[in-house]
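S.K.: Would you be able to build a 3D model of this:
(chains A and B)
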Protein chains: 2
Amino acid sequence: MTGTLYGLGIGPGDPDLITVKALKILQATPVLAYPALEDGDSLARAIVAPHLVAPKTEIAIRIPMTVDRAPAQKAYDIAAREIGHHLTSGQNVVVLCEGDPFFYGSFMYLFGRIAEKFPVEVIPGVSSLTACATALQSPLSARNDVLTVLPAPLPSDALAAQLNATDSAAIMKVGRHFERVRDLIVELGLEENARYIERATMDNQKILPLREVAANAAPYFSMILIHKRGQAWK
Amino acid sequence: MTGTLYGLGIGPGDPDLITVKALKILQATPVLAYPALEDGDSLARAIVAPHLVAPKTEIAIRIPMTVDRAPAQKAYDIAAREIGHHLTSGQNVVVLCEGDPFFYGSFMYLFGRIAEKFPVEVIPGVSSLTACATALQSPLSARNDVLTVLPAPLPSDALAAQLNATDSAAIMKVGRHFERVRDLIVELGLEENARYIERATMDNQKILPLREVAANAAPYFSMILIHKRGQAWK
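M.R.: Alright, predicted model coming up:
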């Protein structure tokens, strides 16, 4: 009997935004894997730390953040092999995934390497998309709205075309692209409809008017929501 | 002291896909409101039923499903007034929201009526969007993918333009629009990239190849996911 790999959505940051299902699996599984920075810190592990009641075998997956993707691919190969050893020996393994595993998550790289050989179950989580909207008290979409999720690193002309063609947009991973994206939003006449948030649901969550965000100060976990109807919800 | 209104995301259907935070608020709040069909059934209440440990004051919000929106608006006015009475008297009130309250949820109509007068806290939930993707074992989006959420009732030319301009799409509320949407997907050459699911995470969840879905058999809670990269995740 081989073990099962659980891709566990742990939600956007508030430890209590984990689901009951994910919590049960987390507490029942002996091997715990998670992404971590090269110097060792893991946001995902910190999010679930209040829920860890017994010691586990831990696997920190350290992915080099290089533009060339070959080193990252090699790191995923190594992690998949280590996880595979535990699964082969019959142990279940959890991989922690911030937000939802299949919403811009790195879990899919492990999934692509493991799902053909071992049973994999993926547990959905609260995504940053809806966490940001609720923290901003700003509905994402209603009725027949088109909702477009846009990574900020996309070129400005691609972002502009998408923003012009949608009702509601979420611009993710804003980080170092903030100024370019803000300029674009102003240029398109959408500033009054845009709301900025960083680290939604975490202790250091911050909500600011777009014009008050300092240049070069937006973290990777920042998002801009834009709805063309503004805030009229009736 | 007035009470607080909680817009509570309860997740896509599996009762254990409620968050720990929502569960705590649900169990601590004396007044429970939820959308219900005109004949009385409430899917939202059924989802949380296993978690209800003590009797509560219950408010079934029955919204007429008419094309003319005036009767629905009147029903929301009445529900907002009834909820307002409890809040004025100092009682907290929970409104149950399938999936996430701000992701195509009807909660925003109550939110629009209540948020200016009383404190409102919105708790994000696992949306059908990510629940469908994980149930299909089909990642939604990665890296710099554009992800577009499309309500099926949109006209075919609007759907086609959006599908042509995106990397990944989720077509929601398929229901009676299924055949038209399937024909469009085939016409655009996207059939091999499309996956169909209904009632994700519920006991009667069903996954079918697009061509095997019977005409007129798709329920309202059905979704089609399309990713132009297909299933290559490495």
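S.K.: Can you give me the buried ones in the helix or strand encompassing residue A:183?
M.R.: In the assignment (DSSP states H and E), residue A:183 maps to helix A:178-187. Neighbour counts using 16 or more other C-beta atoms under 10 Å in any protein chain shown place A:178, A:181-182, A:184-185 of helix A:178-187 among the buried residues. To be clear about C-beta, it is placed using only N, CA and C from the backbone, and glycine gets the same treatment.
S.K.: Adding distance to chain B and pLDDT, write those residues out as JSON lines.
M.R.: As requested, the buried residues of helix A:178-187 are arranged in JSON lines below (distance: C-beta to the nearest C-beta, whole Å; pLDDT from 0 to 100):
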{"residue": "A:178", "distance to chain B": "16", "pLDDT": "97"}
{"residue": "A:181", "distance to chain B": "13", "pLDDT": "98"}
{"residue": "A:182", "distance to chain B": "19", "pLDDT": "97"}
{"residue": "A:184", "distance to chain B": "15", "pLDDT": "98"}
{"residue": "A:185", "distance to chain B": "17", "pLDDT": "98"}
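S.K.: ok, residue A:141 - contacts?
M.R.: Residues near residue A:141 by C-beta atoms under 8 Å, 6 or more residues apart in numbering or on different chains: A:147, A:167-168, A:227, B:102-104, B:149.
S.K.: And the contacts of the helix or strand residue A:81 falls within?
M.R.: For residue A:81, the element it lies in under DSSP H and E is helix A:70-88. Residues outside helix A:70-88 that contact it (C-beta under 8 Å, 6+ apart): A:2-5, A:31, A:33, A:57, A:59, A:61-66, A:93, A:95, A:109-110, A:113-114, A:117-118, B:234.
S.K.: Closest to residue B:143 out of the contacts of residue A:141?
M.R.: Using C-beta to C-beta, the shortest approach to residue B:143 within the contacts of residue A:141 belongs to residue B:149, at 18.4 Å.
S.K.: Could you check how far the closest one is from residue A:114?
M.R.: For residue B:149, the distance to residue A:114 (C-beta to C-beta, to the nearest Å) stands at 28 Å.
S.K.: tally of neighbours for residue A:203?
M.R.: Using other C-beta atoms under 10 Å in any protein chain shown, residue A:203 has 7 other residues around it.
S.K.: out of the contacts of helix A:70-88, which are buried?
M.R.: A:3-5, A:31, A:33, A:59, A:61, A:63, A:93, A:95, A:109-110, A:113-114, A:118.
S.K.: Narrow the residues you listed to those in strands?
M.R.: Those of the buried ones among the contacts of helix A:70-88 mapping onto strands are A:5, A:31, A:33, A:59, A:61, A:93, A:95, per DSSP state E.
S.K.: show me what contacts the fifth one?
M.R.: Going back to what we said before, that points to residue A:61. A:33-36, A:75-76, A:79, A:95, A:110 are the contacts of residue A:61 under C-beta under 8 Å, 6+ apart.
S.K.: Work out which residue lies at the spatial centre of chain A.
M.R.: residue A:99 (4.6 Å; C-alpha atoms, centre = their mean).
S.K.: ok, that residue - contacts?
M.R.: Residues in contact with residue A:99 (C-beta under 8 Å, 6+ apart) are A:9-12, A:105, A:125-128, A:131.
S.K.: In strands, which of those fall?
M.R.: Using DSSP E, the subset of the contacts of residue A:99 located in strands is residue A:9.
S.K.: Dump the contacts of residue A:99 to TSV, plus pLDDT and neighbour count.
M.R.: Listed next are the contacts of residue A:99 as TSV, based on pLDDT from 0 to 100; neighbours: other C-beta atoms under 10 Å in any protein chain shown:
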residue	pLDDT	neighbour count
A:9	98	32
A:10	98	29
A:11	98	29
A:12	97	27
A:105	92	26
A:125	98	33
A:126	98	36
A:127	98	31
A:128	97	28
A:131	98	29
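S.K.: pLDDT score assigned to the spatially closest residue to residue A:137 that is not a sequence neighbour?
M.R.: Excluding its sequence neighbours, the residue lying closest to residue A:137 (C-beta to C-beta, 6 or more residues apart in numbering or on different chains) is residue B:122, at 6.4 Å. With respect to pLDDT, residue B:122 scores 97.
S.K.: Strand partners (parallel or antiparallel) of the helix or strand harbouring residue B:122?
M.R.: Here residue B:122 sits within strand B:120-123, counting by DSSP H and E. Strand B:120-123 pairs in its sheet with strand B:5-9 (parallel), by DSSP bridges.
S.K.: what angle do the partner strand and helix B:70-88 make?
M.R.: Angle, strand B:5-9 to helix B:70-88, by axes from the mean of the first three to the mean of the last three C-alpha atoms, to 10 degrees: 120 degrees.
S.K.: what sits up against strand B:5-9?
M.R.: Outside strand B:5-9, the residues that touch it by C-beta under 8 Å, 6+ apart are A:126, A:130, A:134, B:19, B:22, B:25-26, B:29, B:83, B:87, B:92-97, B:99-102, B:107, B:110-111, B:114, B:118-127.
S.K.: and those, which are buried?
M.R.: The neighbour count (16+ other C-beta under 10 Å) marks A:126, A:130, A:134, B:19, B:22, B:25-26, B:29, B:83, B:87, B:92-97, B:99-102, B:107, B:110-111, B:114, B:118, B:120, B:122-127 as buried among the contacts of strand B:5-9.
S.K.: one step back: compile the contacts of residue A:61 into CSV and extend it with columns for pLDDT and distance to residue A:156.
M.R.: Formatted as CSV, these follow (pLDDT from 0 to 100; distance: C-beta to C-beta, whole Å):
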residue, pLDDT, distance to residue A:156
A:33, 98, 37
A:34, 97, 34
A:35, 94, 30
A:36, 93, 33
A:75, 92, 32
A:76, 94, 31
A:79, 96, 35
A:95, 98, 35
A:110, 95, 33
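S.K.: from those, which is closest to residue A:49?
M.R.: Minimum distance to residue A:49 across the contacts of residue A:61 is 10.8 Å, recorded for residue A:34 (C-beta to C-beta).
S.K.: From residue A:107, how far out is the closest one?
M.R.: Counting by C-beta to C-beta, the separation of residue A:34 from residue A:107 is 10 Å.
S.K.: Can you pull the residues that touch both of the two?
M.R.: residue A:95.
S.K.: Tell me how chain A divides into domains.
M.R.: What automatic domain parsing lists as the domains of chain A is A:5-126, A:129-227.
S.K.: doesn't residue B:102 make contact with the residue nearest to residue A:137?
M.R.: Yes: the pair residue B:122 and residue B:102 passes the contact test of C-beta atoms under 8 Å, sitting 6.6 Å apart.
S.K.: Need the overlap of contacts for the two.
M.R.: The contact sets of residue B:122 and residue B:102 overlap at A:134, B:7 (C-beta under 8 Å, 6+ apart).
S.K.: Find the residue closest to residue A:28 in space, skipping its chain neighbours.
M.R.: The spatial neighbour of residue A:28 that comes closest, neighbours along the chain excluded (C-beta to C-beta, 6+ apart), is residue A:92 at 7.8 Å.
S.K.: Who are the contact partners of that neighbour?
M.R.: So residue A:92 contacts A:3-6, A:28-31 (C-beta under 8 Å, 6+ apart).
S.K.: could the residues you listed go into a markdown table alongside pLDDT?
M.R.: Shown next, in a markdown table, are the contacts of residue A:92 (pLDDT from 0 to 100):
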| residue | pLDDT |
| --- | --- |
| A:3 | 98 |
| A:4 | 98 |
| A:5 | 98 |
| A:6 | 98 |
| A:28 | 97 |
| A:29 | 98 |
| A:30 | 97 |
| A:31 | 98 |
